[in-house]
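Predicted coordinates and the sequence they were generated for:
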Amino acid sequence: MVMAPDTQPPEEGKADVPERVSGDEPLLAARVHRPSDLMRLLAGLLAIGLVIAVAAFAHATTSGLEEDINKGAVGAPDVFVKIAGLVSSIAVLLVPVAFAIERLIKRDGLRIADGVLAAVLAHGVTLATDLWVAQAAPGTIQDALTQPQSGGGLTDPVHNYLAPVIAYMTAVGMARRPRWRVSLWAVLLLDAFTMLVAGYTTALSIILTVLIGWTVAYGTLYAVGSPNVRPTGQTLLAGLRRVGFKPVTALRAEGVPDSADSGDRGRRYIVTLEDGPPLDVTVVDREQQAHGFFYRVWRRITLRTITTRRSIVSLRQALEQEALLAYAAIAAGANAPKLIATSELGPDAVMLVYEHIGGRSLDSLDDSEITDELVRSAFRQVRALQSRRIAHRRLTGDAILVDRSGRVILTDLRGGEIAAGDLILRMDVAQLLTTLGLRVGAERAVAAAVEVLGPDTVADCLPLLQPIALSRSTRATLRKQARERSAREREAVLAASEAAKHERELTKAAAHGGPETVQTETKAEKKADKKAEKRALDTALDEAREEDLLSQIRQQVLLIRPQAPVEPVRLERIKPRTLVSLIAGAVAAYFLLSQIARTPLSTVSQADWRWVATAVVFSALSYVAAAMSLLGFVPERVGFWRTVVAQVAGSFVKIVAPAAVGGVALNTRFLQRAGVRPGLAVASVGASQLFGLGAHILLLLSFGYLTGTEKSQSFTPSRTVIAGLLTVAVLVLVATAIPFMRKFVSTRLRSLFAGVVPRMLDVLQRPMKLVTGIGGMLLLTAAFVFCLDASIRAFGHGTATVSYASVAVVFLAGNALGSAAPTPGGVGAVEGALTLGLVAVGLPIEVATPAVLLYRLLTLWVPVLPGWICFNWLTKRGAL
């Protein structure tokens, strides 16, 4: 609680104060990470890349620029150049020191510390850049960034003292102080001019130096955070006094939502006055305004016409927008907080003063307190807004307030729109239907909406009743309900399966005269039992299946308006998965085409077809091994050759889905259709995947060790293995140190051990099954390794070959990368990893490229047509 100086606290009960309040200052973080700093960092990196590209590819342009500068510098007096250089060299150090002293006197040491850190990092970057240009950069870049010195040698590509000064001045915020900014930039320009005239540097070197200092400064600020300058409670009280109020206390209200779609609503205070009712004050600063910036940018890029608001606006624009919407809402007849004053709180914050409303949000009400009249009143407020073409855009439970008399009040109008289009207005109706449906059910929500808005208006919102059109918090709630429904359905199916199994056992015992004779059942009876169990599972699943809330709302509206449009409006320009796949596919296509272009046709014609046939045999053998590795973790009886056919069908599925996803889904579905219960089918596939992951890691480490013991000067996998282990250790530490990652990993591991480990214990009780699974995994790896080795020998002609251990390491590493790639079948990622790996172990690029292409042709592309045939065959027979 913040109290005005020289005042007494209010008497108990005098002010209407919420139960949960807290002080202001303890809630403010000492440092904040500004998205604007990250954007400037990325812009700086892009600019540095462009400068280097110009230096590398525009050699004629850079040379001409240097000649023009040298010609212009010929007439400059030598005395003037020396004096200017001496003055600028001294001033470029004195000005930052003077500013540091001034900041220290004003007790702003944090900024100075940030500036010193940025300067040190900038100095390190300049040294690394100088070393790279001198030893590893192309000659064109070296010529563009350096000048020959009279005593021999070259000038520095990046100035080791200028970049740290620029980083320092940027990090300490000198750009926000005009006098210091003008002084320092004048000194820097003078220093750059004298160095150019004297021939100590080039124009591109000066530009690169400035960009490095600027970029490192913003990278430092974003990494360590900037000092928090958000207004405190005392600043708020002073601002209220400036607009004519006499505040006594300012209480920070807790429980304010802080999500990406509502995090810019500002900090809320309840302010008591010396005389008069209390006030509701909202403080908005630049940090809160930027909250969720990247989420809003992503929505603006991916959605079509529903995000008309700019991703980020100035504080003045935000203040004017909220004031306009507050007045417009009241003028439209809606219940909204009355705005009575606005003011700036310095250059980085504004405040909006409303009349105090004592009430609770819809989210804080119990279900029993939400009456039909309250639901109808919420729709009346939306009807009033839409009568003047006003869209709220945030009709979630925390934006709907209910006062003590039961009156519904709409708050948080900042994200709304004036003169909104029909699409936005229909979205408001869809959002409110969903928000109220989550609390009172679809039937009551639709009935109230139809009574207030009319059936036509409600029916028109059906095409927008889709998750992408709803708020982020609403989508999260719907996903949570979907997970709960899936859990209930799974439990119901398992219970029904156990009951049906128990009933069949009792029936067989009665038919055979006792439990001891049940074991003599025929194959026909077993088949009939499987069909009966499948029918029981399907029936139980149909009975337990629950429709989601959006489907329930659609059904309720269709009962009133059967002809209402239900086809969803396409709101997304492009889906995230599609965007990632397109980018990855373009990169993969570029890589493959470039590799194919480098492979002459004569190389293909000179291939040893005996080794090509051997590679084909090993490729075919991999499907048998894959079937063994799957059936080894399925205690139930499943046909072996049908499983082999299913693995061939997986070749077709793998080409239309990421490698790590398509095979898992197909195997799970195949086991379910083969009579394995859904939960056990998922557990069996999970156990196979988990054991395969462990075997993959062990084989990679083992072959890496074996390869490291070979006498090879071009490849030292022992260091690679150590680096891999260190990388895994760092990733584990990062995953356990970050709360979000720790929660994600623990949740996945908990679900894994809950389902997969019991299944593995069942398999351990059947030694032959375990041998089959382990043998299948080893055979699968061996088949792929020998297939790759045969592809190498087909083009190596016995001269360009590598050891089996090296081939195994390359295959295992490439396969792991392909499983993580978002492209179907790991296209692009696998080819690149295998080619680079083979080149690293000493294979010529002329042999590695066609060998990898042949290997991928036999294991990915050729099996697509047989896979499609097998997929259709299994589908027609009900096996998929």
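The structure has been received and is ready for your questions.

hey, C-alpha coordinates of stretch 809-816 in CSV?
Once non-C-alpha atoms are left out, stretch 809-816 reads as follows in CSV (Å, rounded to 0.1, in the frame of the first residue of the first chain):
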residue,chain,number,x,y,z
VAL,A,809,28.1,-43.3,-36.8
VAL,A,810,27.1,-41.2,-39.9
PHE,A,811,23.9,-43.1,-40.3
LEU,A,812,22.9,-42.9,-36.7
ALA,A,813,23.6,-39.2,-36.5
GLY,A,814,21.8,-38.4,-39.7
ASN,A,815,18.8,-40.6,-38.7
ALA,A,816,18.5,-38.7,-35.4
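
pLDDT of it, averaged?
When pLDDT is averaged over stretch 809-816, the result is 81.

try stretch 102-121
Per-region confidence: stretch 102-121 scores 76 on mean pLDDT.

which regions of the stretch 351-500 of the chain lie under the pLDDT threshold?
By pLDDT under 70, the stretch 351-500 of the chain has no low-scoring segment.

Tell me where the stretch 401-550 of the chain has helices.
Listed in chain order, the helices of the stretch 401-550 of the chain (DSSP state H, counting those that start in this stretch) span 422-440, 442-453, 455-460, 472-512, 523-544, 549-560.

Sorry, slip of the keys, the one I care about is the stretch 551-700 of the chain.
With DSSP H, counting those that start in this stretch as the criterion, the stretch 551-700 of the chain has helices at 576-598, 601-605, 609-631, 640-654, 659-673, 678-708.

Next: the stretch 251-400 of the chain.
286-289, 293-302, 315-331, 372-387.

For those helices, could you give me TSV that also reports mean neighbour count and distance to residue 618?
The way it works is simple: take the backbone N, C-alpha and C, and place the C-beta from them, glycine included. As requested, the helices of the stretch 251-400 of the chain are exported to TSV (neighbours: other C-beta atoms under 10 Å; distance: least, C-beta to C-beta, whole Å):
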stretch	mean neighbour count	distance to residue 618
helix 286-289	21	60
helix 293-302	16	44
helix 315-331	17	65
helix 372-387	20	66
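
Among those, which comes closest to residue 238?
For residue 238, the closest of the helices of the stretch 251-400 of the chain is helix 315-331, at 17.8 Å, according to C-beta to C-beta.

Does anything pack onto that closest one? Which helices or strands?
Packing partners of helix 315-331 (3 or more C-beta pairs under 8 Å, 6 or more residues apart in numbering; DSSP states H and E): strand 279-285, helix 286-289, strand 339-344, strand 349-355.

Any idea which of the ones you listed gets closest to residue 863?
Nearest of those (C-beta to C-beta): helix 286-289, 54.4 Å.

Could you give the average pLDDT over that closest one?
The average pLDDT for helix 286-289 rounds to 64.

now the strands: where do they sit in the stretch 1-150 of the chain?
Here the stretch 1-150 of the chain has its strands, by DSSP state E, counting those that start in this stretch, at 2-3, 21-22, 31-32.

ranking those by mean pLDDT, which is last?
strand 21-22 (a mean of 40).

re the thing from before, need the helices of the stretch 251-400 of the chain in JSON lines (columns: distance to residue 571).
JSON lines is the format used below for those (distance: least, C-beta to C-beta, whole Å):
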{"stretch": "helix 286-289", "distance to residue 571": "25"}
{"stretch": "helix 293-302", "distance to residue 571": "9"}
{"stretch": "helix 315-331", "distance to residue 571": "23"}
{"stretch": "helix 372-387", "distance to residue 571": "20"}
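
and residue 873, which of those helices is closest to it?
Of all those, the one in closest proximity to residue 873, counting by C-beta to C-beta, is helix 293-302 (39.1 Å).

quick one: average pLDDT of the closest one?
Averaging pLDDT along helix 293-302 yields 67.

same check, this time on stretch 699-706
Mean predicted lDDT for stretch 699-706 stands at 70.

again, but for stretch 611-628
Stretch 611-628 comes out with an average pLDDT of 91.

Give me the buried positions along that stretch.
Buried residues in stretch 611-628, counted by 16 or more other C-beta atoms under 10 Å: 611-612, 614-615, 618-619, 621-628.

Same question for stretch 772-792.
772-774, 776-777, 779-792.

any idea how far the closest residue to residue 682 other than its chain neighbours lies from residue 864?
Excluding the flanking residues, the one nearest residue 682 by C-beta to C-beta, 6 or more residues apart in numbering is residue 668, at 5.6 Å. Distance, residue 668 to residue 864, by C-beta to C-beta, to the nearest Å: 21 Å.

one step back: now for the residue nearest to residue 682, how many residues are close by?
Using other C-beta atoms under 10 Å, residue 668 is surrounded by 18 other residues.

I'd assumed residue 683 was in contact with it.
No: contact criterion C-beta atoms under 8 Å: residue 668 and residue 683 do not qualify, at 9.8 Å.

shared neighbours, the two?
Residues touching both residue 668 and residue 683 by C-beta atoms under 8 Å, 6 or more residues apart in numbering: none at all.

Format the helices of the stretch 401-550 of the chain as JSON lines; extra columns: distance to residue 316 and mean neighbour count.
What follows is the helices of the stretch 401-550 of the chain, written out as JSON lines (distance: least, C-beta to C-beta, whole Å; neighbours: other C-beta atoms under 10 Å):
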{"stretch": "helix 422-440", "distance to residue 316": "24", "mean neighbour count": "22"}
{"stretch": "helix 442-453", "distance to residue 316": "36", "mean neighbour count": "21"}
{"stretch": "helix 455-460", "distance to residue 316": "36", "mean neighbour count": "19"}
{"stretch": "helix 472-512", "distance to residue 316": "27", "mean neighbour count": "14"}
{"stretch": "helix 523-544", "distance to residue 316": "56", "mean neighbour count": "14"}
{"stretch": "helix 549-560", "distance to residue 316": "39", "mean neighbour count": "18"}
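
could I get those as a markdown table with distance to residue 362?
As requested, the helices of the stretch 401-550 of the chain are arranged in a markdown table below (distance: least, C-beta to C-beta, whole Å):
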| stretch | distance to residue 362 |
| --- | --- |
| helix 422-440 | 7 |
| helix 442-453 | 12 |
| helix 455-460 | 20 |
| helix 472-512 | 12 |
| helix 523-544 | 31 |
| helix 549-560 | 16 |
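
Of those helices, give the one that comes closest to residue 36.
helix 472-512 (21.9 Å).

What is that closest one packed up against?
Helices and strands touching helix 472-512, by 3+ C-beta pairs under 8 Å, 6+ apart, are helix 422-440, helix 523-544, helix 549-560, helix 678-708.

For residue 323, which of these is the nearest?
Nearest of the helices and strands packed on helix 472-512 (C-beta to C-beta): helix 422-440, 20.4 Å.

pull the CA atoms of that closest one into PDB?
The C-alpha coordinates for helix 422-440 follow below in PDB (Å, rounded to 0.1, in the frame of the first residue of the first chain):
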ATOM      1  CA  ASP A 422     -19.400  -7.200 -39.600                       C
ATOM      2  CA  LEU A 423     -16.800  -9.900 -39.200                       C
ATOM      3  CA  ILE A 424     -15.400  -8.300 -36.000                       C
ATOM      4  CA  LEU A 425     -18.900  -7.800 -34.500                       C
ATOM      5  CA  ARG A 426     -19.800 -11.500 -35.200                       C
ATOM      6  CA  MET A 427     -16.600 -12.500 -33.500                       C
ATOM      7  CA  ASP A 428     -17.700 -10.700 -30.400                       C
ATOM      8  CA  VAL A 429     -20.900 -12.700 -30.400                       C
ATOM      9  CA  ALA A 430     -19.000 -16.000 -30.900                       C
ATOM     10  CA  GLN A 431     -16.600 -15.100 -28.100                       C
ATOM     11  CA  LEU A 432     -19.300 -14.200 -25.600                       C
ATOM     12  CA  LEU A 433     -21.300 -17.300 -26.500                       C
ATOM     13  CA  THR A 434     -18.200 -19.400 -25.700                       C
ATOM     14  CA  THR A 435     -17.300 -17.500 -22.500                       C
ATOM     15  CA  LEU A 436     -20.800 -17.900 -21.100                       C
ATOM     16  CA  GLY A 437     -21.100 -21.500 -22.400                       C
ATOM     17  CA  LEU A 438     -18.000 -22.500 -20.500                       C
ATOM     18  CA  ARG A 439     -19.800 -21.400 -17.300                       C
ATOM     19  CA  VAL A 440     -23.500 -22.200 -17.800                       C
END
